[in-house]
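Novice: Below are the sequence and a predicted model for it; my questions follow.
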Amino acid sequence: MTVDTLDIRHYAHEDLASIRQILLDVHDDAYADAMDDPFNQRFAWFVDHWGGNPGFSCMLGYDGDEPVGYAYGAPAAPGREWWREHLDPAPEKARTFAVSELMVRPKWRKTGVSHRLHRALLDSRDEDLAVLIVDVNLPKVQALYESWGYRPVGRRQPFPDSPLFNVMLAELPLAG
Ligand SMILES: CC(C)(COP(=O)(O)OP(=O)(O)OC[C@H]1O[C@@H](n2cnc3c(N)ncnc32)[C@H](O)[C@@H]1OP(=O)(O)O)[C@@H](O)C(=O)NCCC(=O)NCCS
């Protein structure tokens, strides 16, 4: 597969039942070396939580019949965006899309697939901002996101057993 032959399919809240197992299987492969982490073991709960949001939007990448990775998220609730406590004053245009997950199975990494999936997801949106969080212990992943237009604005730990994350914000439409 080259990045040009990647087939990206869009799914919404109504489609969750038909893609749920695919999302779980891709996750288990993408996080295979970190599945002893109880936080990663709870991933099905997060899929149901995000997929249950009526604004859920998912771009799923296929190499032929093989699902290789995905990007998904949903509009952030106004006033409760992840960046809110870090930016004062808030940006004038503040409608925000929260990117909850981006992952690519190991065999398909370093091919540009992650960039294509992320870009497809955000090019389909009309919000002013995109926000995501990245584990503070993954500076290379953070650098990747910075190359796509994000900047760090603060830190958060959403759950007591979750990693500490940097909150990353980008203006839409993305330039890079
Ligand atoms: C994040 C991701 C989508 C990026 O895919 P990609 O664009 O193909 O880029 P790479 O996989 O080459 O990752 C970029 C760099 O980050 C590093 N990296 C990625 N995930 C990492 C992880 N979980 N732990 C440590 N380093 C990681 C890679 O080794 C690479 O560094 P290198 O260039 O020195 O080899 C993919 O690495 C992935 O699915 N990772 C697992 C899920 C994950 O950790 N997501 C981030 C959650 S905040």
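Specialist: All right, it came through fine.

Novice: Any stretches of this structure with poor pLDDT?
Specialist: Along the chain, segments meeting pLDDT under 70 span 176.

Novice: go again using 80 as the cut-off
Specialist: 1-4, 176 (pLDDT under 80).

Novice: Assign Val167 to helix, strand or coil.
Specialist: What DSSP: H, G, I helix; E, B strand; the rest coil gives for Val167 is strand.

Novice: Show the contacting residues for it.
Specialist: Neighbouring residues of Val167 by C-beta atoms under 8 Å, 6 or more residues apart in numbering: 82-83, 86, 131, 133, 152-156. C-beta here means a position set from N, CA and C on the backbone, and glycine is covered the same way.

Novice: cool, and Asp161?
Specialist: Counting by C-beta under 8 Å, 6+ apart, Asp161 touches 38-39.

Novice: ok, now the one 4 residues further on?
Specialist: Applying C-beta under 8 Å, 6+ apart, one finds that Phe165 lies in contact with 133-136, 155-158.

Novice: from these, which are also near the ligand?
Specialist: When contact is defined as C-beta under 6 Å from any ligand atom, those meet the ligand at 134-135.
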